[in-house]
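S.K.: following is a predicted model, sequence given first.
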Amino acid sequence: MPGYFAIVLHAHLPFVRHPEHEKFLEENWLFEAITETYIPLLRLLQGWLRDGLDSRLTLTLTPTLCSMLLDPLLQDRYVRHLNSLMQLAEKEIQRTHLDPALHRLAQMYHRRFTESRDAYFACEKNLVAAFGKFQELGTLEIITSAATHALLPLLANHPPSLRAQVLVARDHYRRCFGRDPRGIWLPECAYDASVEKVLQEANLRWFITDTHGLMNAEPRPRYGVFAPVFTPNGLAAFARDPDSSKQVWSKTEGYPGDPRYRDFYRDIGFDLEFDYVKPHLPGAEQRGFTGIKYHRITGGTAEKQVYDSTAALQAADGHAQHFLEARRTQIKKLAGIMDRPPLVLAPYDAELFGHWWHEGPEFLDYLVRKACCDQQTFSLITPGEYLRQQPTNQIVKPAASSWGEHGYWSVWLNETNEWIYPHLHIAQERMTELARRFPDPSVARVSSLSSPEGGEGRGEEASLFAAQIPSPQPSPRLGGEREPEARPNSSPLQRRALQQAARELLLAQASDWPFILRTGTSPDYARKRIKNHLLRFTKIYDQLTQGNTDEKWLGQIEARDNLFPEIRPEYWA
C-alpha cells in the first residue's frame, strides 16, 4: 500500500452520577451517548468482523467514561431510560397513525430503542468489556486519557497532580483491559513538554497533538503531519490532518450540515405537550431531549421539513465516497514525494458520530467498507501499528498547543473560569501534604520529597471559599531541605478518607467544568460541581489534620463519587 489512514475516535464524558436523585438531567448525557454512539459503534465493529473486513480503528475510552459504563446504578438507570423511550415510541406510533411520514419515523425509533436494549443485554450491560474483545482481536486499539480529563499543561505548576492524573488513568486502564495502555489522548490535545516525564513513567509510547503543535516544532518536521515524530524523550507524537478534519468539522463545508440530515435540536421533548412527554423526560420538571426527532436540517430558517431516512442514508453514502476519493488523492500525492508510506490521521470526538450527527455511524460504515473493498491506495491502520512498522522517526521538539479555540489554553483559562485555579492550587498542595503525612504502610517511602514550589499570593484572593480553604501550611521539616519527619502509617479510616480526598480533587480538576463555563451550556451545574468537590476535599482535609474523621459522612460521599476504587494517594507524594 502506498499509504495509511488512521481514524481515531475520542469517547469521553465527565463523571456524572447522582444516586441522591431518582432522576437527574445531566445523567442523560451518558444515556444519549450509549444509545446514539457507543452501541452503534460496537455494532459497526461486529459487522466489519462478521464480513471479514481488514478494518482498523483507534478509540479513546476515558477513565471517567469507563467508570460510568461499569457502574451498576447507571447501568440499571440506562435500562430504565431505554424502557421509558420504548414506551414513548409506542405512544408515538399510536399518535401518528394518520400521518404516514411521522408514523414510519415513530416505528423507526421504536425499533432503534428495542435493538439498543437487545444489544446492551447481549453484552451483559458491559460495553467496556465488549470493546475490549475487539482489542484482543487486533481490529481496535483502545487508548487512555488523563484520569478526569484535566488539561495537563495547567497542572504543570504542581507536578504531583500532573503525575496523579496520568498514573491513576494507567491503573484504571489495567483494571478495565488487563494490559497497559500504549497510547494516550492528551485531554483537548493539550501538549507542552511538561507532560512528557510522567508519560514516560507510565510507559506510554505515543500521543496526538493538533496540527500546529507539530508544524511549529523545532526543527520543522521533514514530513509535516504525515508521519509521527519522536520527542527528545522518545515519545511518539502524531498530528491531526487538517484536510480530513475540515471535511467533517467545518461549520460551512462539513458533511453534518447537509440539509438532508436529521436536525439535532428539533425534538418532541420540546415540541409536544409537556404533560404528554413529562414521564419520559430526563429531568423531573423540565423539558429535555428524548432522542425522537422528526425533522431534517432543511436550511437556515425556522421551518423544518420532515426527515427522510432514505435520502439521509444516500447522503451519507455520497459523503463517504467523496471523503474516500479525497483521501486517495491526498495519499497518492504524498506517496509520490515521500520516501516512506504517508500516514493521514483523522481524530474526532466519538460523540459526533450518532449523537450530534445522526447519520455519522452510517458514514463510518460506508467509509470503512469502501476503504477495505473498493480501493488499493491506502490501508486502515492504528497509530501503534504504524509505529511498529516504522520504528525510525525524526526527533523534534513539538510546540505547546491544543485543539481548542485559538489553539492553546484560552477555552479553559479565561474570564469565565479563571476563579477556579487559585482554589485548585491550594487543594493540590494540600493533597501532597496529606499524602506525605498519612503514608500507606504497604508502600515504601520515596527518599526525595521536597515540597512543590510556587503558590505566591495564595491567601490574597477575595475567595469564594475563603472560610473553607485557608492557605495550606507547609509540611514540617527537620531542618533545611531534608525529608519530612517520619509519621505513623495511616489507619484504615484515614486511608479511606485520603483516597476520597484524591477522588474529589481529581473530579474538581476536570477540564469539562471550565469548558462548560466558557460555552455557557450548563454553567450552573458546572459551577456547582467544582464548588462541591472542593468543599468536600476541604472538609476531608480538616478532619484528617484534626484527627476526627466523620465515618458516616465519608461513607455517603464514597457512595456518591465512587470512581477509582483502588486509587493510590501516594502518587501525590
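M.R.: Looks like it came in fine. Numbers count the residues shown, from 1 in each chain.
S.K.: going by C-alpha atoms from here, please, whenever you check contacts or count neighbours.
M.R.: Noted.
S.K.: how about L9, secondary structure?
M.R.: Here L9 takes the strand state, with states given by DSSP: H, G, I helix; E, B strand; the rest coil.
S.K.: quick check, it in contact with D349.
M.R.: Yes - applying C-alpha atoms under 8 Å, one finds L9 in contact with D349, separated by 5.6 Å.
S.K.: can you list the low-confidence ranges for the stretch 151-300 of the chain?
M.R.: 251 (pLDDT under 70).
S.K.: who's in contact with A508?
M.R.: L424, R529, I530, K531, H533, L534 (C-alpha atoms under 8 Å, 6 or more residues apart in numbering).
S.K.: quick one: pLDDT of it?
M.R.: Looking at A508, its pLDDT is 98.
S.K.: can you get me a residue count around the residue lying closest to R296 once chain neighbours are set aside?
M.R.: Closest residue to R296 apart from its sequence neighbours, by C-alpha to C-alpha, 6 or more residues apart in numbering: R262 at 4.1 Å. Using other C-alpha atoms under 10 Å, R262 is surrounded by 26 other residues.
S.K.: gap between R262 and A315?
M.R.: To A315, R262 is 11 Å away according to C-alpha to C-alpha, to the nearest Å.
S.K.: just A33 next, same as before
M.R.: Taking C-alpha to C-alpha, one finds A33 at 23 Å from A315.
S.K.: likewise for P565?
M.R.: Counting by C-alpha to C-alpha, the gap from P565 to A315 is 46 Å.
S.K.: and what of I426?
M.R.: 53 Å.
S.K.: over to D241?
M.R.: Distance from D241 to A315, by C-alpha to C-alpha: 24 Å.
S.K.: same check on A302?
M.R.: The value you get for A302 to A315, if C-alpha to C-alpha is used, is 22 Å.
S.K.: neighbour count for the two, which is higher?
M.R.: Neighbour count, other C-alpha under 10 Å: between A302 and A315, A315 has more, with 20 against 8.
S.K.: so who does that one touch?
M.R.: R260, Y261.
S.K.: spell out which residues make up each domain of this protein.
M.R.: 3-70+126-255+322-407, 420-572 (automatic domain parsing).
S.K.: now the ones you listed in CSV, with distance to R266?
M.R.: Output for the domains of the chain, formatted as CSV (distance: least, C-alpha to C-alpha, whole Å):
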stretch, distance to R266
domain 3-70+126-255+322-407, 12
domain 420-572, 17
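S.K.: and L105, what is it in contact with?
M.R.: Contacts of L105 (C-alpha under 8 Å, 6+ apart): Y294.
S.K.: how about a cut-off of 10 Å?
M.R.: Applying C-alpha atoms under 10 Å, 6 or more residues apart in numbering to L105 gives the contacts 89, 92-93, 96, 111, 292-295, 306-309.
S.K.: likewise F5?
M.R.: F5 neighbours (C-alpha under 10 Å, 6+ apart): 56-57, 226, 327-328, 331, 342-346, 371, 377-383, 386.
S.K.: tell me which of the residues you listed fall in strands.
M.R.: L57, L343, V344, L345, A346, F378, S379, L380 (DSSP state E).
S.K.: between those residues, which is nearest Q394?
M.R.: L343 (14.4 Å; C-alpha to C-alpha).
S.K.: and the lowest-mean-pLDDT helix or strand in the chain, what's buried?
M.R.: Lowest on mean pLDDT, DSSP states H and E among the helices and strands of the chain sits helix 242-249, with a mean of 89. Residues of helix 242-249 classed as buried: P242, S244, Q247, V248, W249 (neighbour count, 16 or more other C-alpha atoms under 10 Å).
S.K.: how about stretch 183-196?
M.R.: Buried-residue list, stretch 183-196, by 16+ other C-alpha under 10 Å: 183-192, 194-196.
S.K.: in CSV: these, plus distance to D171.
M.R.: Output for these, formatted as CSV (distance: C-alpha to C-alpha, whole Å):
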residue, distance to D171
G183, 14
I184, 13
W185, 16
L186, 16
P187, 17
E188, 21
C189, 21
A190, 21
Y191, 22
D192, 23
S194, 21
V195, 18
E196, 18
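S.K.: check the nearest residue to F515 once chain neighbours are set aside and give its pLDDT.
M.R.: Excluding its sequence neighbours, the residue lying closest to F515 (C-alpha to C-alpha, 6+ apart) is W412, at 5.6 Å. For W412, the pLDDT comes out at 95.
S.K.: pretty sure W412 sits against I516.
M.R.: Yes - counting by C-alpha atoms under 10 Å, W412 touches I516, with 9.1 Å between them.
S.K.: these two: which has the busier surroundings?
M.R.: W412 (24 against 20).
S.K.: contacts only, for the more buried one.
M.R.: 150-151, 154, 188, 404-405, 418, 511-518.
S.K.: again, only this time at 8 Å
M.R.: Here W412 is in contact with L151, S511, P514, F515, R518 (C-alpha under 8 Å, 6+ apart).
S.K.: and it, what element?
M.R.: For W412, there is no helix or strand it lies in under DSSP states H and E.
S.K.: swap in the one 10 residues further on?
M.R.: With elements delineated by DSSP H and E, P422 resides in helix 420-437, which encompasses its position.
S.K.: how about F134?
M.R.: helix 127-137.
S.K.: output that helix as PDB, nothing but the C-alphas.
M.R.: Taking C-alpha atoms only, helix 127-137 is exported to PDB below (Å, rounded to 0.1, in the frame of the first residue of the first chain):
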ATOM      1  CA  LEU A 127     -19.800  -2.100  27.000                       C
ATOM      2  CA  VAL A 128     -16.200  -1.700  28.300                       C
ATOM      3  CA  ALA A 129     -15.600  -5.500  28.000                       C
ATOM      4  CA  ALA A 130     -17.400  -5.600  24.700                       C
ATOM      5  CA  PHE A 131     -15.000  -3.100  23.200                       C
ATOM      6  CA  GLY A 132     -12.100  -4.800  24.900                       C
ATOM      7  CA  LYS A 133     -12.800  -8.000  23.000                       C
ATOM      8  CA  PHE A 134     -12.100  -6.200  19.700                       C
ATOM      9  CA  GLN A 135      -8.800  -5.000  21.000                       C
ATOM     10  CA  GLU A 136      -7.900  -8.600  21.800                       C
ATOM     11  CA  LEU A 137      -8.800  -9.500  18.200                       C
END
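S.K.: give the next helix or strand downstream of that helix.
M.R.: Next along from helix 127-137, by DSSP H and E: strand 140-145.
S.K.: next secondary structure after that following strand?
M.R.: That would be, after strand 140-145 and using DSSP H and E, helix 159-177.
S.K.: quick one: buried residues of that following helix?
M.R.: 159-173, 176-177.
S.K.: and stretch 382-392, by the same measure?
M.R.: Quick answer for stretch 382-392 (16+ other C-alpha under 10 Å): T382, P383, G384, Y386, L387.
S.K.: show the end-to-end separation of stretch 184-191, please.
M.R.: Termini of stretch 184-191 sit 11 Å apart (C-alpha to C-alpha).
S.K.: that one: how far from the chain's middle?
M.R.: Here stretch 184-191 is found 10 Å from its chain centre; the criterion is C-alpha atoms, centre = their mean, to the nearest Å.
S.K.: which residues outside it are in contact with it?
M.R.: Contacts of stretch 184-191 (C-alpha under 8 Å, 6+ apart): 10, 60, 143-146, 149-153, 204, 206-210, 213, 399-404, 408-409, 511.
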